[in-house]
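> coordinates for the following, if possible.
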Amino acid sequence: LYEKKLVTYPRTDSRYLTDDMAPLVPELVSVIQQSFQIQPDVPAPVNAAQVINSKKVTDHHAIIPTEQYVQLSALSNEERRIYDLVVRRFLAVLLPPCVYEETVIQASIEKECFTARGKRMVEKGWQEAYEDNRYDEEDEAKEEVREQNLPLLEAGMKIGQPKISLREGKTKPPARFTEGTLLSAMENPVRYMENRDSSLVKTIGEAGGLGTVATRADIIEKLFRSFLMEKKGNEIYLTSKARQLLKLVPADLKKPELTASWEMQLNDIAKGTAAARG
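Purely as a prediction, here's the structure:
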């Protein structure tokens, strides 16, 4: 898409645009809505203040669509899907907040407490940018209590003759990585660190995790090419070669803490405070 001049430079981790791009945003919204027929209408005047911040842009600004005319029929299925994601996210960040009412019910039966949660949409706001009015990301935390439509209830009400059933089961192990969840884990590996030292956590956060925006996908691809990982469906599995390698390498090489430690040393070298080593 970048080579076809339909989106801006993709190797960036910034979610903001530079100050000088503020006048471009309304023009781009107009082109998208008139030429590409993508709804909803962003209210005028367009308020781009929340995405304009040069201080939060490093080498490149956030990925946005360009004003280049696009012939959707000329794009592959994958290209259309990615382009649609970029356009809808661009519109979503310019729309008003999503407003909803949330109800949490706690019911006591004997000595047990049961919880139910439900929402009622008041204003869809930015979710209007998505066709099913639902936004989701694999790296987003999942709710522990399932949301549902709830009847009108008041505090202190008593429920007569509730139907109760007991279900037994086993806890499931964590899901296997997909390429998407593995990229997210590389970007934010703190939860996989054994040592939660605040300086290490801060350093790896500032460094942007393991690898960079430009290298993470290549690292994963290299592991596939080296036959250390393989895909079955969307899930990633280790090969016997990888398991053997993991048994041979020192423990520190398998931990995100090593990257954090290296980054701290590089920062000390840059500041001129690193101690010389023989």
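> quick check, pLDDT for the nearest residue to Q50 once chain neighbours are set aside.
In space, and not counting its chain neighbours, Q50 is closest to V93: 6.9 Å by CB to CB, 6 or more residues apart in numbering. Every residue, glycine included, has its C-beta placed from N, CA and C. Per-residue pLDDT puts V93 at 89.
> tell me, how many residues neighbour V93?
Counted with other CB atoms under 10 Å, the neighbours of V93 add up to 19.
> and I82, that's in a helix?
Yes - assessed by DSSP: H, G, I helix; E, B strand; the rest coil, I82 belongs to a helix.
> wait, it sits on L1?
Yes - here I82 lies in contact with L1, judged by CB atoms under 8 Å, at a distance of 6.2 Å.
> more crowded one of those two?
L1 (20 against 17).
> show me the contacts for the more buried one.
By CB atoms under 8 Å, 6 or more residues apart in numbering, L1 lies in contact with V7, P10, E79, I82, Y83, V86.
> out of those residues, which one sits closest to R120?
The nearest member of the contacts of L1 to R120, counting by CB to CB, is V86 at 31.0 Å.
> list of residues touching the helix or strand containing the closest one?
Assigning secondary structure by DSSP states H and E places V86 in helix 77-92. Outside helix 77-92, the residues within contact range by CB under 8 Å, 6+ apart are 1, 6-7, 28-29, 32, 36, 38, 40, 42, 63-65, 70, 72, 75, 126-127, 129-130, 135.
> just stretch 163-181 next, same as before
Contacts for stretch 163-181 (CB under 8 Å, 6+ apart): I109, E138, D139, A185, I220, K231, N234, E235, I236, Y237.
> CA atoms only for it, dumped as CSV, please.
This file holds the C-alpha atoms of stretch 163-181, laid out as CSV (Å, rounded to 0.1, in the frame of the first residue of the first chain):
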residue,chain,number,x,y,z
LYS,A,163,-32.3,-21.4,38.5
ILE,A,164,-28.9,-22.6,39.5
SER,A,165,-26.7,-25.2,37.9
LEU,A,166,-23.2,-26.3,38.8
ARG,A,167,-20.7,-26.8,36.0
GLU,A,168,-17.4,-28.5,36.5
GLY,A,169,-14.5,-28.0,34.2
LYS,A,170,-10.7,-27.5,33.9
THR,A,171,-8.8,-24.4,33.5
LYS,A,172,-7.3,-23.9,30.0
PRO,A,173,-3.6,-23.2,29.4
PRO,A,174,-2.7,-19.9,27.8
ALA,A,175,-3.5,-19.8,24.1
ARG,A,176,-0.6,-20.3,21.7
PHE,A,177,0.9,-17.3,20.1
THR,A,178,-0.2,-16.2,16.6
GLU,A,179,1.9,-13.8,14.6
GLY,A,180,-0.2,-10.9,15.9
THR,A,181,0.0,-11.8,19.5
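> where does pLDDT dip in the stretch 1-150 of the chain?
Confidence mapping of the stretch 1-150 of the chain against pLDDT under 70 gives the ranges 35-41, 43-45, 131-147.
> so which residues of it form helices?
Along the stretch 1-150 of the chain, counting by DSSP state H, counting those that start in this stretch, helices occupy 24-35, 77-92.
> want to throw these into a markdown table with distance to V104?
Shown next, in a markdown table, are the helices of the stretch 1-150 of the chain (distance: least, CB to CB, whole Å):
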| stretch | distance to V104 |
| --- | --- |
| helix 24-35 | 37 |
| helix 77-92 | 27 |
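> how far away is the closest residue to P26 other than its chain neighbours from R15?
Excluding the flanking residues, the one nearest P26 by CB to CB, 6+ apart is V46, at 4.3 Å. Going from V46 to R15 by CB to CB, to the nearest Å gives 17 Å.
> the helix holding V86 vs helix 24-35, what angle?
In terms of direction (axes from the mean of the first three to the mean of the last three CA atoms, to 10 degrees), helix 77-92 departs from helix 24-35 by 130 degrees.
> residues of helix 77-92 that come out buried?
Buried residues in helix 77-92, counting neighbours by 16 or more other CB atoms under 10 Å, are found at I82, Y83, D84, V86, V87, R88, R89, F90, L91, A92.
> need the residues you listed in a markdown table (columns: distance to R117).
Below are the buried residues of helix 77-92 laid out as a markdown table (distance: CB to CB, whole Å):
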| residue | distance to R117 |
| --- | --- |
| I82 | 33 |
| Y83 | 35 |
| D84 | 31 |
| V86 | 32 |
| V87 | 32 |
| R88 | 27 |
| R89 | 27 |
| F90 | 31 |
| L91 | 29 |
| A92 | 24 |
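> all set now, cheers.
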